[in-house]
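Asker: Would you be able to build a 3D model of this:
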Amino acid sequence: MSDIKEKNNLVIVTYDFTKEADCAMNHASYISKYSGAEVALVHIINSDSVSKFKATAATVESVVKQKLQDIAKKNTGETGVNTFSIIRRGSIFSTIAEISEETKAKLVVLGTHGVRGMQHVLGAFALKVVTSSPAPVLIVQAKDNTPSGYNPIVLPIDESFETKQKVNQAILFAKENKATVHIFSKYEKDEYLRIKVNGNANFVKNELLAEGIGVIESQEADGSKSFSKEVIRYASSISAGLIIITTKKEKEISDIFVADEDVKIVNNDLQIAVMCVNAKNYNILGSAISFGGFS
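Answerer: Numbers count the residues shown, from 1 in each chain. Below you'll find the predicted structure:
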């Protein structure tokens, strides 16, 4: 039997008592203020929890519960956003997805430690949470949200069909943040691929313009060796508040040590927040996906 109920408008924060988790809570609270959503701080109890709190397997749940409730209560008082806690035993990769499904949460906010030595693994593993989640996942590092919010937004566009599926989340966040969306297209020498990229960019631009959203178009330079690096460089040049990407495939364990394009963007040194839309969960043929108070 589930210990939680379905919510109409909920933002989940994966909370592991780190500064990155506090940053995730900051972003979730900001989003919830203008969407009318509630925030759920979710801690998955495992061996790390026992070690962190110097508790036994039998007592760790009560220790975590009290600490998490205190943090949730403090956040409610400071932000005015109703914040509560959810505690489960399990694996972050599967249990976060289960909770998201049970609550019908509209967004998961995940704090990652980025790329610092072997912590590269943490950033890569963050994408395994993304591909298992039925809800979009906002990945942040240790940089709190700014007064300008998620403005401007960078939307990388490549030749894939799935790249267009980012447009719904771009519309929702752009409207609520009064943001301009920068379409940054991948350069392709091959004419067939170039036509596909241009077609995708035009589709996205028209969808955004139809919603009254300001659009600026730019393109990767000819001769660039890494599209992800160019995306980050461009995002830096315009002081972007958000990058939105589409995660197109399941991440296997072997991918962790590979220079994956998604991992590079998620772990960007500028600590720009990255929204990950899991392609297999969305249908671009309908209207924009409702995001609770965001629609």
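Asker: Show me how this structure divides into domains.
Answerer: Domain ranges of the chain: 10-111, 153-289, per automatic domain parsing.
Asker: so which of these comes closest to residue 145?
Answerer: domain 10-111 (4.5 Å; C-beta to C-beta). Placement of C-beta: from N, CA and C, glycine included.
Asker: I'd guess residue 84 is in a strand, am I close?
Answerer: Yes - counting by DSSP: H, G, I helix; E, B strand; the rest coil, residue 84 falls inside a strand.
Asker: contacting residues for it?
Answerer: If you count contacts by C-beta atoms under 8 Å, 6 or more residues apart in numbering, residue 84 has them with 38, 39, 40, 41, 72.
Asker: just to revisit the earlier point, now the domains of the chain in JSON lines, with mean pLDDT and distance to residue 130?
Answerer: Compiled in JSON lines, the domains of the chain are given as follows (pLDDT from 0 to 100; distance: least, C-beta to C-beta, whole Å):
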{"stretch": "domain 10-111", "mean pLDDT": "91", "distance to residue 130": "8"}
{"stretch": "domain 153-289", "mean pLDDT": "85", "distance to residue 130": "4"}
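Asker: need those in CSV with distance to residue 128, can you?
Answerer: Shown next, in CSV, are those (distance: least, C-beta to C-beta, whole Å):
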stretch, distance to residue 128
domain 10-111, 5
domain 153-289, 5
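Asker: Can you say which of those domains is nearest to residue 133?
Answerer: Within the domains of the chain, the stretch nearest residue 133 is domain 10-111; the backing value is 5.1 Å (C-beta to C-beta).
Asker: Now do the end-to-end distance for the closest one.
Answerer: Using C-alpha to C-alpha, to the nearest Å, one end of domain 10-111 lies 17 Å from the other.
Asker: Kindly report the same for stretch 76-95.
Answerer: End-to-end distance of stretch 76-95 (C-alpha to C-alpha): 25 Å.
Asker: how far is it from where the chain is centred?
Answerer: Its chain's average C-alpha position is 16 Å from that of stretch 76-95, according to C-alpha atoms, centre = their mean, to the nearest Å.
Asker: That stretch: which residues count as buried?
Answerer: Residues of stretch 76-95 classed as buried: 76, 79, 81, 83, 84, 85, 86, 87, 88, 92, 95 (neighbour count, 16 or more other C-beta atoms under 10 Å).
Asker: helix/strand/coil for the residue nearest the centre of the chain?
Answerer: Nearest to the geometric centre of the chain sits residue 138, at 1.6 Å (C-alpha atoms, centre = their mean). What three-state DSSP gives for residue 138 is strand.
Asker: ok, now how distant is it from residue 169?
Answerer: Residue 138 sits 9 Å away from residue 169, taking C-beta to C-beta, to the nearest Å as the criterion.
Asker: okay, and the common contacts of the two?
Answerer: With C-beta under 8 Å, 6+ apart, residue 138 and residue 169 have common neighbours residue 275.
Asker: Which parts of the stretch 101-250 of the chain are helices?
Answerer: In the stretch 101-250 of the chain, the segments counted as helices under DSSP state H, counting those that start in this stretch are 120-132, 167-177, 191-210, 227-237.
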